[in-house]
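**Student:** Generate a structure from the sequence data that follows.
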Amino acid sequence: MTKTPDLRVSIILLILANLIPVAGVLLWDWDVFFLLLLFWCENVIIGVFGIARIVVAGGGLFMPLFFCVHYGGFMFGHLMILFGLFAENSMVTETIDEPEQIWTLLKSPVYLVPVLALFVSHGWSFVNNFLLSDERHSYGPMQAMGVPYKRIAVTHVALIAGGFALSASNEPMIGLLLLLAMKISLDVMFHRKEHEVL
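**Tutor:** You can find the predicted model right below:
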């Protein structure tokens with residue numbers, strides 16, 4: 001029996017996870033660097049489930065290791081860009097002042113909660129829309145390896161561009177909320193496209 005992915009729950013979870021930063025902006029004065037760093041952490045989560053997808057698709061040992069090195073380099077470059085463009089005068093740099101200290105943020109509930117919410121959202125999507133549906137049979141290892149890049153490339157170029165514009169305008173709250181709205185819209189669009197639901 002053919003089982004196609006049901007995206008309703010996964011899209012609701014995706015939106016809910018992305019609404020936590022909205023509360024952060026409204027209640028706790030999160031700035032653009034804090035938001036972009038949170039979404040960088042989401043890219044790491046996407047990479048983790050990307051490795052799982054490659055393994056399920058039959059990528060053996062080499063392809064997951066190659067992905068770790070290649071995607072890890074991409075993520076390191078992305079982190080350096082974020083620190084170079086947005087770290088100065090950010091609330092985050094009161095806690096960390098070097099990129100390698102980012103993991104100390106995870107000790108704080110204010111950062112751990114949204115990261116866990118994003119992990120749950122992507123985890124549910126991986127299990128329900130990939131493992132438990134016939135979608136997993138449509139992926140070879142190379143196609144599986146390309147999924148994370150397709151998911152984050154356009155979204156995060158747009159977010160960095162929007163963040164740069166916000167930094168130049170002293171980060172008005174309405175701008176931060178619009179940035180989050182753009183991120184949610186892009187996430188939902190790419191989520192639906194990834195699972196080929198029109």
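**Student:** Break down this protein into its helices, ranges please.
**Tutor:** Counting by DSSP state H, one finds helices in the chain at the ranges 7-28, 32-56, 62-86, 109-126, 141-168, 173-194.
**Student:** Switch these over to a markdown table; also include distance to Glu135 and mean neighbour count.
**Tutor:** The way it works is simple: take the backbone N, C-alpha and C, and place the C-beta from them, glycine included. Converted to a markdown table, these look like this (distance: least, C-beta to C-beta, whole Å; neighbours: other C-beta atoms under 10 Å):
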| stretch | distance to Glu135 | mean neighbour count |
| --- | --- | --- |
| helix 7-28 | 11 | 16 |
| helix 32-56 | 10 | 21 |
| helix 62-86 | 19 | 15 |
| helix 109-126 | 10 | 18 |
| helix 141-168 | 11 | 17 |
| helix 173-194 | 9 | 16 |
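**Student:** right, so of the ones you listed, which gets closest to Gln101?
**Tutor:** helix 62-86 (10.5 Å; C-beta to C-beta).
**Student:** Can you give me every residue that contacts Trp124?
**Tutor:** Trp124 makes contact with Val9, Ser10, Leu13 under the criterion C-beta atoms under 8 Å, 6 or more residues apart in numbering.
**Student:** from what I can see Trp30 touches Leu36, true?
**Tutor:** No. Trp30 is beyond contact range of Leu36, at 10.3 Å (criterion: C-beta atoms under 8 Å).
**Student:** Return the helix or strand in the protein with minimum mean pLDDT.
**Tutor:** helix 141-168 (a mean of 80; mean pLDDT, DSSP states H and E).
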